[in-house]
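*Asks:* Structure for this input, please:
(one chain, ligands or ions: 1)
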Amino acid sequence: MLKKAAILGTGYYVPEKVLTNFDLEKIMDTNDEWITTRSGIKERHLSEKDQPTSDLAFRAGEKAIVSAGLKNADIDFVIICTVTGDYTWPATGNVVVERLGINGVPSMDLSAACSGFIYGLTVARAFVETGLYKNILLIGAEEFTKIVDWTDRSTCVLFGDGAGAVVIGQSRGDGGEILSTYLASDGSKVKYLLQPGGGVVHPINQETIDKKLQFAQMNGKEVFKNAVTKMPEALEKAIKLAGINIDDLDYFIFHQANKRIIDAIAERFKVPEEKLIVNIQRYANTSAATIPIALAEAVEQGKIKKGHLIGFSALGAGFTWGGAVVRM
Ligand code: ACO
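*Replies:* A predicted model of the protein is given here:
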């Protein structure tokens, strides 16, 4: 018999160092007004030079395990949703398993960029509902500040570092049930958002470095256009699969890429501002980490409570996109 999968615990971690828009004004030709009006971002957190993505993931993951009332040893699978892992390979999940002291437990990374967490939620849900694994530690962790070109003001100002985590296990009958997940992708849009260098198409060498191919590249207008069409589509599909109506949702957690994207989606569904969980002003875009950070923070603040119906939606490089509905 299928066992319903649920979010059993949440946690998040952001590095201490904060870089405000005013700090950026001092190091590049930009200003707080431009960044705020175009994106809603006021500040972002920056990892230390010697603080890899696995460190953020580990710290967020430990909190989620405690919040689920479990011990590290209870975790039987670790998934890290990231495109800014410690190494191209092996997986950052391997490093996190070592940090958690649970070597032997299977671990892997999942690459779906900003929709990584929704993809991970779907994979973890399937593992639990088929009975393959019991307690999966699912973490969105990214350090985009280490792969953006700090001389490209149109991209670097939009990103921050952070990690958010959940434990997915069998429902204990007291909330957290994943009611639906929906995923999609379109490879014709790869060119609009990518880190071209470092893979086998453009291996690292002097030529690719001279062309700055090791940095994230983005066509902002195409990302915007696709986000405001695909994210609502994904949310609608997830709502339909969950058998609920948009008005039933207590809160909406959209990928925190840009406040204007969030507002456009909210307007389309006539969602009031108070139902939106928004923290982009403090963390900027942390890619696969935005949704689990927003979820864990809203739970910590007591905003999201047991029984609340939450709608999720994200779009990321690929493009990949997806939606989900969870009853907390
Ligand atoms: N500070 C000041 N001026 C800037 C900056 C900056 N940081 N960056 C660009 N500008 C200038 C440009 O040079 C341009 O100047 P010009 O008119 O003299 O040539 C002007 O601002 C307008 O630039 P546009 O690129 O046309 O600005 P636009 O209004 O399209 O906004 C933005 C750019 C914010 C990137 C927008 O396209 C957007 O929101 N796109 C979505 C991208 C996004 O959210 N990405 C997140 C990562 S992807 C994801 O998570 C799914």
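*Asks:* quick one: L19 and R44 touch, right?
*Replies:* Yes - taking contacts as Cβ atoms under 8 Å, L19 lies within contact range of R44: 5.6 Å. From N, CA and C alone the C-beta is placed, and that goes for glycine too.
*Asks:* Could you check which of those two is surrounded by more residues?
*Replies:* Comparing L19 with R44 by neighbour count (other Cβ atoms under 10 Å), the higher total belongs to R44, at 30 against 16.
*Asks:* While we're on that one, how confident is the model there?
*Replies:* What the model reports as pLDDT for R44 is 98.
*Asks:* how about the residues of the stretch 201-328 of the chain near the ligand?
*Replies:* Taking Cβ under 6 Å from any ligand atom as the contact definition, the stretch 201-328 of the chain meets the ligand at M218, G220, K221, V223, F224, A227, A257, N258, R260, N285, L315, G316.
*Asks:* Show me these that map onto strands.
*Replies:* Applying DSSP state E to those, the entries found in strands are M218, L315, G316.
*Asks:* Which residues are in contact with E177?
*Replies:* K4, A5, A6, S171, V326, R327 (Cβ atoms under 8 Å, 6 or more residues apart in numbering).
*Asks:* By neighbour count, which of these wins?
*Replies:* Highest neighbour count within the contacts of E177: V326, with 27 neighbours (other Cβ under 10 Å).
*Asks:* Can you show me the helices along the stretch 151-300 of the chain?
*Replies:* Under the criterion DSSP state H, counting those that start in this stretch, the stretch 151-300 of the chain carries helices at the ranges 153-156, 206-210, 220-242, 259-269, 280-283, 290-300.
*Asks:* With respect to E142, which of the ones you listed lies nearest?
*Replies:* helix 290-300 (8.8 Å; Cβ to Cβ).
*Asks:* Flag every buried residue along stretch 204-217.
*Replies:* Of the residues in stretch 204-217, those buried by neighbour count under the rule 16 or more other Cβ atoms under 10 Å are T208, L213, F215, A216, Q217.
*Asks:* in the stretch 151-300 of the chain, which ranges drop under the pLDDT threshold?
*Replies:* Along the stretch 151-300 of the chain, segments meeting pLDDT under 70 are nowhere present.
*Asks:* In it, what residue comes closest to the ligand?
*Replies:* Proximity of the stretch 151-300 of the chain to the ligand (Cβ to the nearest ligand atom) peaks at G220, 2.7 Å away.
*Asks:* Next up, the contacts around that residue.
*Replies:* The neighbours of G220, taking Cβ under 8 Å, 6+ apart as the test, are S154, T155.
*Asks:* that's a strand at I136, yeah?
*Replies:* Yes - secondary structure assignment (DSSP: H, G, I helix; E, B strand; the rest coil) places I136 inside a strand.
*Asks:* tally of neighbours for it?
*Replies:* Here the neighbour count serves as a burial measure; for I136 (other Cβ under 10 Å) it reads 26.
*Asks:* Could you look up the SS state of the residue nearest to C156 when sequence neighbours are not counted?
*Replies:* Using Cβ to Cβ, 6 or more residues apart in numbering and skipping the chain neighbours, the partner closest in space to C156 is V148 (4.2 Å). The three-state label for V148, taken from three-state DSSP, comes out as coil.
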